[in-house]
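Novice: here is a sequence together with a model predicted from it:
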Number of protein chains: 2
Amino acid sequence: MRELELIEALERRLAGAGGRVVRTLGDDAAVVRADRYAVTSVDAMVEGVHFRSDQLTPEEIGHRALAAAASDLAAMGARPGEAYLVLGLPSGFEVEHAVAVVDGAGELADAVGITIAGGDVTRAPALTVSFTVVGWARDAGELVGRDGARPGDQVAVTGTLGAAGAGLALLEGRAGSGLDGQAAALLRQRYARPWPRLQEGRELAERGASAMIDLSDGLATDAAHLARRSGLRLELRLSALPLAPGVVEVARELDVDPAAFAVTAGEDYELCVCLPGRSASQLSNMTWIGSVKKGPPGVVFADATSPLAGYEHSL
Amino acid sequence: MRELELIEALERRLAGAGGRVVRTLGDDAAVVRADRYAVTSVDAMVEGVHFRSDQLTPEEIGHRALAAAASDLAAMGARPGEAYLVLGLPSGFEVEHAVAVVDGAGELADAVGITIAGGDVTRAPALTVSFTVVGWARDAGELVGRDGARPGDQVAVTGTLGAAGAGLALLEGRAGSGLDGQAAALLRQRYARPWPRLQEGRELAERGASAMIDLSDGLATDAAHLARRSGLRLELRLSALPLAPGVVEVARELDVDPAAFAVTAGEDYELCVCLPGRSASQLSNMTWIGSVKKGPPGVVFADATSPLAGYEHSL
């Protein structure tokens, strides 16, 4: 690795001072004008664990790592702020590819209003892209945790489900023979370039969301986190799930129930939110998939038939 | 890896809400009450690149990773705030050892007033300990960059130099035959558990430090960063350097000049600071090693003889 060349290329792509950023390149640490509450999350993606370089372009790897981290800010309803990158590069890794990883993240950052304000480049045995993301809020009450759901709340998700899992199945050649090219490309795109729902997260927070989480591990697992933290039961309907176009076909090729596939496949990075009924009635662009009940904490799919009959994500 | 067991053990060691920390465990992101300016740095340590597990205990690995990151806050004169950990564990890594890594970092965090407020655990091909540290300041003017040195400033360092490099030489069995056990143990300790100079950094900032940097790569390299960013020349005296006890003996065994060894060995994590003469005269516990001059940016060791004769860290 031509390290100096790389660092210079990366520095050109990192933002200089401007906006909230007072100091960044060339100092020991970045200095940023803060709002009253800092919202911070860290997320690492490691080659061979979270992705494979032969399935994604370097730009997609960078995009995806930042998207996964930023999605946590979305789930809190925080305003996006800064990101800090730790880039671990195996020896022999091309400078051009390393720059492309940063470019992919940088394009997403620009699109969603995040400033990449600092970073560290190191050798590592496998390509590692780790982001710390910081969001801001004027008031802690603007933010939404996982613990605030109330009995009677309605449960919704943004977007469509199962797309990233189906996209990965296509990439791995496990499915896809029955899909037309455009549908396959869209699914692949959902896996390769997930979109953090930052705007939706803030809107949902403003409209009174009581609890929220992003779907990184799949609805079955992530909704169960909400249920556990809120001490309540989420009764969801598989028949109500907004499956992404092509998911039914891919699931059938894989010989699994499409809805079961969609709730257990991860990395859609959609939001699952609980809202009081009066707020819920004002929201469009969401799919209502169930409600919050008193009862032993957990998720029940009320209408599940085989293979999810009696499925319950127990805690 | 028994992942759930590990995560539970780590969560017990992470701080819950309290102090500035409003939300931490169990949510998508940590929420922290901010001061006006956030000072943020990221630093990754990878097994086989930055340390070897057969030379350090897991506790030392955790301590050292946090110390290196926190040292950047010290060099800015920031008040310590929070740390966020990404822990990458190879398959088969013992849960007890992973917990010990976090314990080592946690003890240092407690000692210097840092709260470990969040983290991510992942599989990785080599043990990876990556910290994002956040410090706070009420005013951007309280903070010290690398760019503020002025002609006539005096240059000083905290503590003693060369200890970490000598400690590593001992660990690698390249030297040490002539040292008594206590001196050897102290050098090894300086390598294994460096101490971030957070308190000294704040005091130096309050007393009018014009530029500051922490010594991670060695004085020759790090002082050159100061010189370049300030656009000035640092004239330093090798004879004035505060060599740590035992460094002379280790350097002679390695057949290198002790002062040359001390300015090129890294990881001491002391501070190098520039101060106006009037402030300098009020400070004790520092070693004055030179002054700032107009001239082509760089570092000159004015009294260097072989092997540093004519040594100049050119830019």
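Specialist: Yep, that arrived.
Novice: the stretch 151-300 of chain A against chain B: which residues are in contact?
Specialist: A:Met212, A:Ile213, A:Asp214, A:His225, A:Arg229 (C-beta under 8 Å from any C-beta of the partner chain). The way it works is simple: take the backbone N, C-alpha and C, and place the C-beta from them, glycine included.
Novice: among the residues you listed, which one sits closest to chain B?
Specialist: For those, the residue nearest chain B by C-beta to the nearest C-beta is A:Arg229; the value is 5.4 Å.
Novice: just to be sure, that closest one is in a strand?
Specialist: No: according to DSSP: H, G, I helix; E, B strand; the rest coil, A:Arg229 belongs to no strand; its state is helix.
Novice: show me what contacts it?
Specialist: Under the criterion of C-beta atoms under 8 Å, 6 or more residues apart in numbering or on different chains, the neighbours of A:Arg229 are A:Gly145, A:Arg146, A:Asp147, A:Ala211, B:Gly26, B:Asp27.
Novice: show me where the stretch 51-200 of chain A has helices.
Specialist: Ranges of helices in the stretch 51-200 of chain A, per DSSP state H, counting those that start in this stretch, are A:58-76, A:95-112, A:163-171, A:181-192, A:198-206.
Novice: wait, doesn't A:Lys294 sit right on A:Pro151?
Specialist: Yes: assessed by C-beta atoms under 8 Å, A:Lys294 is found in contact with A:Pro151 at 5.0 Å.
Novice: mutual contacts of those two, please.
Specialist: A:Leu232.
Novice: rewinding a little: quick check: PyMOL command selecting the buried ones in the residues of the stretch 151-300 of chain A next to chain B.
Specialist: Buried subset of these, written as a PyMOL selection, criterion 16 or more other C-beta atoms under 10 Å in any protein chain shown:
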select buried, chain A and resi 212+213+214+225+229
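Novice: phi, psi of the residue lying closest to A:Arg23 once chain neighbours are set aside?
Specialist: Excluding the flanking residues, the one nearest A:Arg23 by C-beta to C-beta, 6 or more residues apart in numbering or on different chains is A:Val31, at 4.0 Å. When read as degrees, to the nearest 10, the backbone of A:Val31 gives phi -120, psi 130.
Novice: might you report the residue contacts of the closest residue to A:Ala166 other than its chain neighbours?
Specialist: In space, A:Ala166 comes closest to A:Val250 once its chain neighbours are excluded; the distance is 4.0 Å by C-beta to C-beta, 6+ apart. For A:Val250, the contact set (C-beta under 8 Å, 6+ apart) comprises A:Gly162, A:Ala166, A:Ala169, A:Leu170, A:Ala175, A:Gly176, A:Leu179, A:Leu187, A:Phe261.
Novice: any regions of chain A where pLDDT drops low?
Specialist: For chain A, applying pLDDT under 70 flags the ranges A:1-3, A:15-17, A:306-315.
Novice: okay, domains of it per the record?
Specialist: A:3-139, A:154-313 (automatic domain parsing).
Novice: which ones are touching A:Pro196?
Specialist: Per C-beta under 8 Å, 6+ apart, neighbours of A:Pro196: A:Leu66, A:Ala67, A:Ala68, A:Ala70, A:Ser71, A:Leu73, A:Ala74, A:Leu108, A:Val112, A:Asp214, A:Tyr269.
Novice: wait, which of these is closest to B:Phe301?
Specialist: If you rank the contacts of A:Pro196 by distance to B:Phe301 using C-beta to C-beta, A:Leu66 comes first, at 43.2 Å.
Novice: that closest one: how many residues sit nearby?
Specialist: Using other C-beta atoms under 10 Å in any protein chain shown, A:Leu66 has 29 neighbouring residues.
Novice: without its sequence neighbours, what residue ends up closest to it?
Specialist: A:Ala105 (4.2 Å).
Novice: against chain B, how distant is A:Lys294?
Specialist: 20 Å (C-beta to the nearest C-beta, to the nearest Å).
Novice: just give me the neighbour total for that residue.
Specialist: Neighbour tally, A:Lys294, other C-beta under 10 Å: 10.
Novice: the spatially most central residue of chain A: what secondary structure?
Specialist: In chain A, the centroid-proximal residue (C-alpha atoms, centre = their mean) is A:Tyr269; its distance is 3.2 Å. With three-state DSSP as the basis, A:Tyr269 sits in coil.
Novice: for it, give me its contacts.
Specialist: A:Ala67, A:Ala68, A:Ser71, A:Ala164, A:Pro194, A:Trp195, A:Pro196, A:Arg197, A:Asp214, A:Leu215, A:Ser216.
Novice: and the fifth one, how many neighbours?
Specialist: The number of residues packed near A:Pro194 is 27, by other C-beta under 10 Å.
Novice: could you do the third one as well?
Specialist: Counted with other C-beta under 10 Å, the neighbours of A:Ser71 add up to 28.
Novice: any idea how far chain B is from it?
Specialist: From A:Ser71 over to chain B (counting by C-beta to the nearest C-beta), the distance is 8 Å.
Novice: swap in the first one?
Specialist: Plainly put, A:Ala67 is 14 Å away from chain B if you go by C-beta to the nearest C-beta.
Novice: how about the strands in the stretch 201-315 of chain A?
Specialist: Secondary structure of the stretch 201-315 of chain A by DSSP state E, counting those that start in this stretch: the strands cover A:211-214, A:233-236, A:271-275, A:286-293, A:298-301, A:312-313.
Novice: in TSV, list those strands along with distance to A:Val121.
Specialist: Formatted as TSV, those follow (distance: least, C-beta to C-beta, whole Å):
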stretch	distance to A:Val121
strand A:211-214	28
strand A:233-236	42
strand A:271-275	32
strand A:286-293	40
strand A:298-301	41
strand A:312-313	40
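Novice: out of those, flag the one nearest B:Leu275.
Specialist: Comparison of these against B:Leu275 by C-beta to C-beta identifies strand A:211-214 as nearest, at 48.0 Å.
Novice: put the alpha carbons of that closest one into PDB.
Specialist: Extracted as PDB, the C-alpha positions of strand A:211-214 are listed here (Å, rounded to 0.1, in the frame of the first residue of the first chain):
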ATOM      1  CA  ALA A 211     -40.600   3.300  20.200                       C
ATOM      2  CA  MET A 212     -38.500   2.700  17.100                       C
ATOM      3  CA  ILE A 213     -35.800   0.300  15.800                       C
ATOM      4  CA  ASP A 214     -34.100  -0.200  12.500                       C
END
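Novice: direction included, what does that strand pair against?
Specialist: strand A:271-275 (antiparallel) (DSSP bridges).
Novice: now do the same for A:Ala44: helix, strand or coil?
Specialist: Note that with three-state DSSP, the state of A:Ala44 is strand.
Novice: look up the closest residue to it, ignoring the ones flanking it.
Specialist: A:Ser130 (3.9 Å).
Novice: so what sits opposite the one you found in the bridge?
Specialist: Under the criterion used (DSSP bridges), A:Ser130 bridges to A:Ala44, A:Val86.
Novice: for it, give me its contacts.
Specialist: With the criterion set at C-beta under 8 Å, 6+ apart, A:Ser130 makes contact with A:42-45, A:65, A:85-88, B:44, B:86, B:120, B:130.
Novice: would you mind measuring from the residue nearest to the centre of chain A to A:Arg12?
Specialist: 29 Å (C-beta to C-beta, to the nearest Å).
Novice: and A:Arg190, how many neighbours?
Specialist: A:Arg190 has 25 neighbours, counted by other C-beta under 10 Å.
Novice: how much space between the residue nearest to it when sequence neighbours are not counted and A:Val248?
Specialist: Leaving aside its sequence neighbours, A:Arg190 sits nearest to A:Ala163 (C-beta to C-beta, 6+ apart; 3.6 Å). Here the criterion is C-beta to C-beta. By it, A:Ala163 lies 12 Å from A:Val248.
Novice: these two: who's more crowded?
Specialist: Using other C-beta under 10 Å as the criterion, A:Ala163 and A:Val248 rank with A:Ala163 on top: 27 against 17.
Novice: B:Phe301 versus the closest residue to A:Arg193 other than its chain neighbours, what's the distance?
Specialist: Using C-beta to C-beta, 6+ apart and skipping the chain neighbours, the partner closest in space to A:Arg193 is A:His63 (5.1 Å). Remark: distance between A:His63 and B:Phe301 (C-beta to C-beta) = 47 Å.
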